[in-house]
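[1] dropping a prediction and its sequence here:
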Amino acid sequence: MSKFGELVNLEIPVLLDFYTEWNEASVKMHPVLRDVAATMGEKARVIKIDVDKNTQLAEALRVKGLPTLMIYKNGEMKWRESGEQDADSILSKLNEFQ
């Protein structure tokens, strides 16, 4: 969990994607998030978290639906949404927290 604190305690927005490889909606989000990461460059960070490999973290954050996306900045959760999202919506949210 201490590593998690280091990941999200940045001055730029950090987008977390909680996913599994067996969840179709999660897999569909992979190319969308690649595009988001490429567009944002150094202005934001995109981190994928496999729920199957990080069950404690997923439980602590009450991740139920997949994919679940969260934006953190300076260690504080700013936004959270479950389900598929399009790149424009995600980029718009990230830009809100610049």
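    The structure has been received and is ready for your questions.
[2] so the residue positioned nearest the centre of the chain: helix, strand or coil?
    For the chain, the residue nearest the mean C-alpha position is Leu16 (1.8 Å; C-alpha atoms, centre = their mean). Of the three states, Leu16 takes strand according to DSSP: H, G, I helix; E, B strand; the rest coil.
[3] what are the bridge partners for it, then?
    Ile47, Met70 (DSSP bridges).
[4] so what's it up against?
    Going by C-beta atoms under 8 Å, 6 or more residues apart in numbering, Leu16 touches 7-8, 47, 49, 69-72. (C-beta placed from N, C-alpha, C; glycine too.)
[5] which of these sit farthest apart?
    Leu7 and Leu69 (14.6 Å; C-beta to C-beta).
[6] neighbour-wise, which of these two wins?
    Leu69 (23 against 15; other C-beta atoms under 10 Å).
[7] where in the protein is pLDDT low?
    Scanning the chain for pLDDT under 70 picks out 1-2.
[8] do a quick rundown of the helices in it.
    2-8, 24-40, 55-60, 87-96 (DSSP state H).
[9] now those helices as CSV including distance to Lys78?
    Formatted as CSV, the helices of the chain follow (distance: least, C-beta to C-beta, whole Å):
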stretch, distance to Lys78
helix 2-8, 10
helix 24-40, 15
helix 55-60, 18
helix 87-96, 8
